[in-house]
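# Just a sequence and a predicted model for now, questions to come.
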Amino acid sequence: MTLGYCQGYPPGLHQRFALDARPALKHSVAHSLFLIAALLASTSFAQKFVLPSHFDEVVGAVSTVAASREETLLDIARRFSVGQREILMANPSVDRWLPADGAEVVLPTEYILPRVQRKGLVLNVPEMRIYYFPPREAGEPAFVHTFPVSIGRMDWSTPIAHTRVVEKTENPTWRPPASIVAERRDNGEPPPEVIPPGPNNPLGRFALRLGLPGYLIHSTNKPYGVGMRVTHGCVRMYPEDIEFLYPLVPVGTPVAIVNQPIKVGWVGDRLYVEIHPPLEDDPSKRRVKERVLDLVRLESEKRRLVLDRAALEEALTRQNGIPAAIGRAGATGAAAGD
């Protein structure tokens, strides 16, 4: 078909997750680690977690791995299904091309779930990450899978919308649309009219066509762009990630594309915040602190919140996409806003 559109913790991985600090997550984390360990035989690292209760909103755990001379930071990111921007924000002092042998590399594999219906595919654009909530099978717990993605450039933004998967194509043929043809012609590199399946096809081996005309979720022949704003609006995945996802997602699956650079979520009586740099074309990008405080106030209206102001300020300074505990409900002391 022609498209004209654009598992396990391997050796050396260490958890930085303190179970005693988050007792409410012991059960969920144990399930998550069991699932990850069950994937050891796989060559790719598919992140699959048991969904927490309706009231808990965090999955995964931050871990570390020792770098080796044979890998760049981007190689490590791909091995653990982490995007380029994610791994760079989590490791600002590690050289992306020549990490020191044995250097500790932080894997930002802990996530506050986006606040949206837990059904089908959920793409959080500024996070550059997609979540898949498959239908729950009888007698089984509910799961979530998550993968890093590339999104549209500033001049070709991925739209915020609710849509569906309307078609699935394996080994697609690509016919470059007029916009891409014009751009590449202006750069002196006009593309061929049709690119057949194969290593030169930018769609890779798998493509999910969305109900938004011209938009796809697809593989790529440039995997190190995953986790960046590099597309003409389509959503790219690591080849091994979409190969894993493709058979799981039927036609008709709902797709929510949301803009949540700031996420808050509870684990037991603790409130966490996860801050990603807003997109350059987000009109409220200069109001990050104000937006965070607004969300915190809303949470304090639901449950009396004792805010750790130092932790909140540190999270605002870092904005590294890693969840940070910023307060506790039900304790004595000054509430948020006091």
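That came through fine. Numbers count the residues shown, from 1 in each chain.
# C-alpha from now on. contacts and neighbour counts both.
Will do.
# The residue lying closest to G60 once chain neighbours are set aside: what's it in contact with?
Nearest non-adjacent residue to G60, counting by C-alpha to C-alpha, 6 or more residues apart in numbering: E110, 4.2 Å away. E110 makes contact with 58-62, 322-323, according to C-alpha atoms under 8 Å, 6 or more residues apart in numbering.
# will you turn the residues you listed into a markdown table that also has distance to L123, secondary structure and neighbour count?
Shown next, in a markdown table, are the contacts of E110 (distance: C-alpha to C-alpha, whole Å; DSSP: H, G, I helix; E, B strand; the rest coil; neighbours: other C-alpha atoms under 10 Å):
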| residue | distance to L123 | secondary structure | neighbour count |
| --- | --- | --- | --- |
| V58 | 17 | strand | 23 |
| V59 | 16 | strand | 21 |
| G60 | 18 | strand | 20 |
| A61 | 20 | coil | 20 |
| V62 | 21 | coil | 18 |
| I322 | 17 | coil | 23 |
| P323 | 18 | coil | 24 |
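# Is it possible to get TSV of those residues that adds pLDDT?
Putting those into TSV (pLDDT from 0 to 100) gives the following:
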residue	pLDDT
V58	97
V59	97
G60	97
A61	97
V62	97
I322	98
P323	98
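# Out of these, flag the one nearest to D281.
I322 (22.4 Å; C-alpha to C-alpha).
# For whichever helix or strand V255 is part of, which strands pair with it and how are they oriented?
According to DSSP states H and E, V255 maps onto strand 254-258. Strand 254-258 has its sheet partners listed here by DSSP bridges as strand 120-124 (parallel), strand 161-170 (antiparallel).
# and among these, the most buried is which?
Among those, strand 120-124 has the highest mean neighbour count (mean count of other C-alpha atoms under 10 Å), at a mean of 23.
# V292: what's its closest spatial neighbour, skipping adjacent residues?
I262 (6.8 Å).
# what's around that neighbour, how many residues?
Using other C-alpha atoms under 10 Å, I262 has 22 other residues around it.
# so it makes contact with S284?
No: if you go by C-alpha atoms under 8 Å, I262 and S284 don't touch, sitting 11.7 Å apart.
# Could you tell me which residues touch both of those two?
Counting by C-alpha under 8 Å, 6+ apart, nothing touches both I262 and S284.
# Is the residue positioned nearest the centre of the chain bridged to anything, and to what?
The structure's the chain has its C-alpha centroid closest to R129; by C-alpha atoms, centre = their mean the separation is 2.3 Å. Note on R129: beta-bridge partners N124, P148, judged by DSSP bridges.
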